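> Take this sequence and fold it.
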Amino acid sequence: MPDGTPDLEGLIGQIQSEIASIPELELEASQVSVFFPRDLVQLGLGEEVIVSIQGLFEKPGRTPEIRQHLALSVASVIENFAWKYLPQCKLVEVSVNTFNPQTGGFSTAKRPTTLDRA
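Numbers count the residues shown, from 1 in each chain. The predicted structure follows:
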């Protein structure tokens with residue numbers, strides 16, 4: 001996103017809500033993290049918005065059709081945002097990358113520290 005793009009916090013909330021509204025994903029909005037990495041190349045910035053959905057655990061209900069629905073839903077949110085704030089945008093692209101936590105990786109909630117136990 002170009003520096004100074006307004007309402008990125010609002011966009012984050014819209015993306016989180018849209019993803020949480022898909023029941024088959026079994027996710028709450030608070031479980032969805034959204035990042036906007038800084039692009040070091042300023043030329044053409046905002047002409048393309050590329051979204052990568054990563055870390056979506058593989059589960060039986062998350063079929064290819066549901067993942068496609070997820071991609072289209074997020075693309076719709078981004079397109080609506082771009083119409084308003086990024087008139088130079090010519091392309092919105094969304095990819096969904098699933099993750100099998102049993103074959104590579106680890107995830108946990110915050111573990112208590114010794115300070116938490118005191």
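> Please enumerate the helices of this protein.
8-20, 64-85, 114-117 (DSSP state H).
> would you turn these into a markdown table with mean pLDDT, mean neighbour count and distance to Met1?
Every residue, glycine included, has its C-beta placed from N, CA and C. Formatted as a markdown table, these follow (pLDDT from 0 to 100; neighbours: other C-beta atoms under 10 Å; distance: least, C-beta to C-beta, whole Å):
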| stretch | mean pLDDT | mean neighbour count | distance to Met1 |
| --- | --- | --- | --- |
| helix 8-20 | 95 | 16 | 7 |
| helix 64-85 | 96 | 16 | 9 |
| helix 114-117 | 52 | 6 | 36 |
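> Could you dump these into TSV with distance to Glu58 added?
Converted to TSV, these look like this (distance: least, C-beta to C-beta, whole Å):
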stretch	distance to Glu58
helix 8-20	16
helix 64-85	10
helix 114-117	32
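> And the ones you listed: which comes nearest Asn97?
If you check each of the helices of the chain against Asn97 by C-beta to C-beta, helix 64-85 wins as the nearest, at 9.4 Å.
> Pull the residues that contact the closest one.
By C-beta atoms under 8 Å, 6 or more residues apart in numbering, the list of residues contacting helix 64-85 from outside reads 5-7, 11, 14-15, 18-19, 21-22, 24-25, 49, 51, 53, 56, 89, 92-96, 98.
> do stretch 48-55 as well
Outside stretch 48-55, the residues that reach it (C-beta under 8 Å, 6+ apart) are 1, 70-71, 74-75, 78, 82, 86, 89-97, 99.
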